[in-house]
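Asks: no sequence on this one, just coordinates:
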Ligand SMILES: *Cc1c(COP(=O)(O)O)cnc(C)c1O
């Protein structure tokens, strides 16, 4: 019997065997020729995964929060105006980080939990405050709301804001084309759709972001996050030369290189399409079971995860039953509705079999929670969606 459960949370996700093997390799020196080559390749491949041919990648030991911190530390100077397109929990976090570096933050909120701010209100705020930076959370992990990054970025550009996208729960899963869409800085963490165990903060900064950094008149307020230190390191590794500022997470970088190669061999368009298909099948399954999702409109549905309300009479006790059926899902996160819903991540190497196993485990949890439904309806709908059949 396999002594493990299927991990279907919005990060860490299930990692592929080749990525895990790279984690288990004997650790080399961070200046060994073979590691320099691997790090160099990973930096080059990140540009392709972010679809940012003109971008400058940074890969630093840390989590997604460090990537956010790095963006704010290097681009904000005291008194700068910042606009936070606020779609939930992690947008609030970005605001706090920006404020820590002295930004004056304005929020534009969606009307309710599960909504994103309307474009017209974002544009009005851009006109009113003329911010230096604007942050967008691509997928809010607390609500499974995806924002319209393409349109929002175009608005930010139009009003000369530096556009920062928190793609921690999105990049390499949700469609994002950094250069084409005018995104000045995109960031993520290793453990979500990039498919590498937790521990790497990943940032790709565009030309305008690097220029804004160079034009700073005050020093960066964080020693560890300062691009003054990290830029020469990234340039050295990419130029296949040894250098040192702080020890890279050698095995994680090795695993990142393996994962990026896998992502690129699938192809970005195929990968985005697979995420849409997996998400569609999962959402068809829970819809057929009569369960409702947090996002208030279909155009807001993320493809990397789903946030699902418990039906009437069912509560978070169901999570234990889902676990006993072999699948780990996540509880609620958004404080306003925390105990009313659960979250399921379906990103990275996720397969149709994973989706069916998860819907099956949710059916088991619903049944044991006393919910009345016809067992198998969710599975049939998910299966039909995976096969591309029209719904009954
Ligand atoms: C997970 C997540 C973060 C935080 O990343 P950590 O690795 O937990 O620090 C930030 N933003 C979004 C959208 C996330 O999903």
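Replies: Okay, I see it. Since this is a predicted model, take the numbers as computed values, not measurements.

Asks: what packs against the helix or strand containing residue 229?
Replies: According to DSSP states H and E, residue 229 maps onto helix 227-238. Helices and strands touching helix 227-238, by 3 or more C-beta pairs under 8 Å, 6 or more residues apart in numbering; DSSP states H and E, are helix 33-49, strand 56-61. In this view, the C-beta of every residue, glycine as well, is placed from N, C-alpha and C.

Asks: Out of the ones you listed, which is closest to residue 280?
Replies: Nearest of the helices and strands packed on helix 227-238 to residue 280, taken as C-beta to C-beta: helix 33-49 at 22.6 Å.

Asks: mind listing what's buried in that closest one?
Replies: Within helix 33-49, the residues scored as buried using 16 or more other C-beta atoms under 10 Å are 35-36, 38-43, 45-47, 49.

Asks: and residue 110, which of the helices and strands packed on helix 227-238 is closest to it?
Replies: Taking the helices and strands packed on helix 227-238 one by one with C-beta to C-beta, helix 33-49 is closest: 28.6 Å.

Asks: The closest residue to the ligand within the stretch 201-350 of the chain: neighbour count?
Replies: Per C-beta to the nearest ligand atom, residue 201 is where the stretch 201-350 of the chain lies closest to the ligand, at 7.7 Å. Using other C-beta atoms under 10 Å, residue 201 has 25 neighbouring residues.

Asks: Over to residue 208?
Replies: 17.

Asks: and the helix or strand it falls within with helix 227-238, angle?
Replies: Residue 208 belongs to helix 207-214 when assigned by DSSP H and E. Angle of helix 207-214 versus helix 227-238, following axes from the mean of the first three to the mean of the last three C-alpha atoms, to 10 degrees, is 130 degrees.

Asks: which bits of the protein sit near the ligand?
Replies: Within the chain, the residues that sit near the ligand (C-beta under 6 Å from any ligand atom) are 11, 63-65, 90, 137, 141, 166, 168-169, 189.

Asks: can you give me the strands for the protein?
Replies: 6-7, 56-61, 81-86, 104-109, 133-137, 139-140, 145-146, 162-166, 185-189, 200-205, 305-309, 327-328, 330-331, 341-345 (DSSP state E).

Asks: Which of those strands sits closest to residue 367?
Replies: When these are ranked by proximity to residue 367 (C-beta to C-beta), strand 327-328 comes first, at 14.4 Å.

Asks: What is the distance between the closest one and the centre of its chain?
Replies: With C-alpha atoms, centre = their mean, to the nearest Å as the basis, strand 327-328 stands 20 Å off its chain's centre.

Asks: Give me the residues contacting it.
Replies: 5-9, 322, 357-358, 361-362 (C-beta atoms under 8 Å, 6 or more residues apart in numbering).

Asks: Report the buried members of these.
Replies: Applying 16+ other C-beta under 10 Å to the contacts of strand 327-328 flags 6-9, 322, 357-358, 361-362 as buried.

Asks: ok, the residues you listed vs the ligand, which is closest?
Replies: Relative to the ligand, the closest of the buried ones among the contacts of strand 327-328 is residue 9; by C-beta to the nearest ligand atom it sits at 10.3 Å.

Asks: The closest one contacts residue 346, doesn't it?
Replies: No: Residue 9 is beyond contact range of residue 346, at 10.1 Å (criterion: C-beta atoms under 8 Å).

Asks: coming back round to it: tell me the two of the residues of the chain next to the ligand that are most distant?
Replies: 63 and 137 (15.7 Å).

Asks: higher neighbour count, these two?
Replies: Taking neighbours as other C-beta under 10 Å, residue 63 and residue 137 compare with residue 137 leading, 32 against 17.

Asks: quick one: the more buried one from residue 311, how far?
Replies: 28 Å (C-beta to C-beta, to the nearest Å).

Asks: Per the annotation, how does this protein divide into domains?
Replies: Each domain of the chain is listed here as a residue range: 6-10+267-390, 17-266, per automatic domain parsing.

Asks: from these, which stretch is densest packed?
Replies: domain 17-266 (a mean of 20; mean count of other C-beta atoms under 10 Å).

Asks: Let me see the ranges of the helices in this protein.
Replies: Applying DSSP state H to the chain gives helices spanning 17-23, 33-49, 64-75, 89-100, 119-129, 149-158, 207-214, 227-238, 250-266, 268-288, 318-324, 352-368, 377-386.

Asks: Compile the ones you listed into CSV and extend it with columns for mean pLDDT.
Replies: Listed next are these as CSV, based on pLDDT from 0 to 100:
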stretch, mean pLDDT
helix 17-23, 97
helix 33-49, 98
helix 64-75, 98
helix 89-100, 96
helix 119-129, 98
helix 149-158, 98
helix 207-214, 98
helix 227-238, 98
helix 250-266, 98
helix 268-288, 98
helix 318-324, 98
helix 352-368, 98
helix 377-386, 97
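
Asks: Need those in TSV (columns: distance to residue 110).
Replies: TSV is the format used below for the helices of the chain (distance: least, C-beta to C-beta, whole Å):
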stretch	distance to residue 110
helix 17-23	35
helix 33-49	29
helix 64-75	20
helix 89-100	10
helix 119-129	9
helix 149-158	13
helix 207-214	26
helix 227-238	32
helix 250-266	31
helix 268-288	20
helix 318-324	26
helix 352-368	27
helix 377-386	28
